[in-house]
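Q: sequence and predicted model, in that order:
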Amino acid sequence: MVMGRSERVVAKKPMKKSAGKDAVTVVVMRLYVAGRAPNSVKAIANLEAICRQHLKDGYKLEIVDVCEHPRRALDDGVLVTPSLAKFSPSPGANIIGNLSDTSSVLAAMGLSTTKQ
Amino acid sequence: MAKSAPRQVLQKSLTGIKGFDEISLGGLPRNRTTLVMGGPGTGKSVFALQSLVGAASKHKQPGIFVAFEENIDAIFANAAAFDWRLPTLARNRLFFMNAQLSPAFVATGDFDLGGMLAMLEAKQLEIGAQWVVFDGIDVLLSLLRTPRAKMREIYRLRDWLTRRELTAIITTKIAEGTSTDVADYGFMQFMVDCVVRFDRRMEQGIPVRRLEISKYRGSSFAPGEFPLSFGPHGMAVASPGATDIAQEATGERVSTGFAGLDEMLGGGLFRGSSTLITGAPGTSKTTLAGLFTERACRRGERALFVSFDEGGERVRRNLKSVGIQLEPHMKSGLLQMYSGRTDSVNPEEHLIRIATLIAEHKPRCMVIDPLSAISRTGALSSARAIGNRLIYKLRDHHITAVITALVDGDDASAETTELQISTIADNWIQLSYLVCGGERNRALTIVKSRGTRHSNQVRELVLSDTGLTLADVYSSGGEVLMGTLRWEKEAEERARAVIRETESGVKRRELQFAEADTSARIAALQLDLERQRAALELNTRNDAARHVTSGEQLTELRRLRGANGNDSVAPKARRRSSARVTRSSGNGHGPERTRRG
């Protein structure tokens, strides 16, 4: 678990398999947290679990600590924390909350079918 | 917090909202939180934004506006109706945060405001913000599912605001009768230092907005609901106290332009008062309004003539025919005329246009001719409300106004059932046709005139090429005489005067005679009196003489009775005593001394 630094790639796995049409599902996400606030800590843990379990193909996650980079968060239009923005694959999605409900997180990201 | 010492004295920050700073006795509590609650469309956001704008533009205090409910673009578009120059302020002192959570947002699990507050804190330090507005906090709170979470975030917000020492306004919608809302906002009301409630009700078909300060910790405030209005500068609260003071401040009289009427009104109209002139068609309402306008312009005052019946040109031409010249004042720019065709525009629209004209032209005197025209469109009740608001607006701007209203028929009480503005107007002049002796004559009555001892009599209004005159009043058996009857009465009066003069001559002579007679009698009596006084004097002297005589006789008798050796003495004594008698005869001691001797 990594905290404190604001922006960094937690994991970046190049795609391994190229069989099937879901071959290029590298998920690009950004999670905004507020320091060590309970919900933010929970959100990071929940998201990492989801990534491990469901995004085996590869994902790119950036974590932004709003307390350290408020200006950037403002520019990105962040309102509440924690909040997760998914950029790719299209369509994008915005999810707010501590991501405790895995299935609804996956559904919102359009990734519910990743795990059969 | 350890801030208790400087917080002892409650400091306030002016909102710049007309009327509100008066009823709140100085504005909102500084560095504290005010909760603004009300239904949709009641003016909460305008109130919050206007306070922010006022602080930024008048007091150079930067601020932050967090918009949960409305899009920033929509807020700017709405604010464009007011002279706030919001885009300029937004570049310099105001920061707007778009905080709508789009419906595309999916909430999974709990969240909080920690991040947002961190962002706002950074922004506050950046621009030096002293004010913050959270507009539509209910939208945000509705995303928090449990009451516990809501309360937690409200506390978080409260603590943050206290720590940051911001003067904050939080607005929230309240849907009346929803129990959960009551619970939430009851808690919020407890938390904040000041609560302002907004309300919007339909009254006579017109939405009437009101506000009420329901709580103000550590300060008194004007209790009750106050009506709101929206003008070119934004929201204004009709604070009765403020306008009353303005009204009281002036005892200045403004001429109506009609000497006879000024006299009847005890010197003219009060500056800033509103005068209603009612009458049937053709009773010279417009002429009176024209006279008032012309006189105002001649004094060099700016005037506005709002005409609902006819175009400005027609009005000027008609008035010219009775000797009222408005054209030169139009050219000089003192007079501005506005003609509104009442059938095409709704009353509300007219009110806004008139308000704009007032703001632009800044008239000191104003005419609306006739106000009753606005009741032609839409519901009478709505026209009524508009009429009232218009009069209050004029009063607020301290404009001396003459408003005419058409009444059907000659019934003076008809107006009271029509627009009902006679109750709020300061003066009410009724023009009517009086049919008497087979003639229709114009009559003028002052029905009321606040703060003035005015003539109660009905007078005849005579219209001629030279203008208007008020004919002298002839009353006979309680009836005012007019037209031919008045002429007859005048002739009769003249004849009577001659008789009266003759009669008094006779009387004078009679009195002179009586006076002379009395003087003569007084002279005779005076003579009598003197004669009687002389007689009395004479009588007194005779008395004294008689006493002396009797004294001498007594001595003589004594001498005759016992004359022994006293003879030599007696003549001497007799001589002496007689001398004494003559000397003291005047003082009445004579007889006594004589006896001793």
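A: Looks like it came in fine.

Q: what's the closest non-adjacent residue to the residue of chain B found nearest chain A?
A: Residue of chain B nearest chain A, by C-beta to the nearest C-beta: B:Gly115 (2.9 Å). For the C-beta atoms, the positions are set from N, CA and C on the backbone; glycine is no exception. Closest residue to B:Gly115 apart from its sequence neighbours, by C-beta to C-beta, 6 or more residues apart in numbering or on different chains: A:Thr81 at 2.9 Å.

Q: that neighbour: what's it in contact with?
A: A:32-34, A:37, A:39-40, A:66, B:111-116 (C-beta atoms under 8 Å, 6 or more residues apart in numbering or on different chains).

Q: state the distance from it to A:Ile44.
A: Relative to A:Ile44, A:Thr81 is positioned 11 Å away (C-beta to C-beta, to the nearest Å).

Q: contacts only, for B:Met97.
A: For B:Met97, the contacting residues are A:Leu74, B:Ile64, B:Phe65, B:Val66, B:Ala67, B:Met119, B:Leu120, B:Lys123, by C-beta under 8 Å, 6+ apart.

Q: the same query, at a cut-off of 10 Å, please.
A: Contact partners of B:Met97, counting by C-beta atoms under 10 Å, 6 or more residues apart in numbering or on different chains, are A:74, A:77, A:79, B:64-68, B:72, B:116, B:119-120, B:123, B:132-135.

Q: residues near B:Asp138, how many?
A: Counted with other C-beta atoms under 10 Å in any protein chain shown, residues neighbouring B:Asp138 total 19.

Q: B:Arg200 too?
A: Residues contacting B:Arg200 under the criterion other C-beta under 10 Å number 15.

Q: once you drop chain neighbours, what's closest to B:Gly451?
A: Distance criterion C-beta to C-beta, 6+ apart; nearest residue to B:Gly451, sequence neighbours excluded, is B:Phe270 at 6.4 Å.

Q: burial count for that neighbour?
A: By other C-beta under 10 Å, 22 other residues sit near B:Phe270.

Q: so can I have a markdown table of the contacts of A:Thr81 showing pLDDT?
A: Listed next are the contacts of A:Thr81 as a markdown table, based on pLDDT from 0 to 100:
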| residue | pLDDT |
| --- | --- |
| A:Tyr32 | 94 |
| A:Val33 | 93 |
| A:Ala34 | 92 |
| A:Ala37 | 89 |
| A:Asn39 | 90 |
| A:Ser40 | 92 |
| A:Val66 | 92 |
| B:Phe111 | 89 |
| B:Asp112 | 90 |
| B:Leu113 | 90 |
| B:Gly114 | 90 |
| B:Gly115 | 90 |
| B:Met116 | 92 |
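
Q: filter the residues you listed down to the ones in strands?
A: The members of the contacts of A:Thr81 that map onto strands under DSSP state E are A:Tyr32, A:Val33.

Q: looking at the contacts of A:Thr81, which are in helices?
A: With helices taken from DSSP state H, the overlap with these comprises A:Asn39, A:Ser40, B:Gly114, B:Gly115, B:Met116.

Q: elements contacting the strand or helix carrying B:Ile368?
A: Using DSSP states H and E, the element containing B:Ile368 is strand B:365-369. In terms of contacts (3 or more C-beta pairs under 10 Å, 6 or more residues apart in numbering or on different chains; DSSP states H and E), strand B:365-369 is packed against strand B:274-279, helix B:285-298, strand B:303-307, strand B:335-339, helix B:347-361, helix B:380-396, strand B:400-406.
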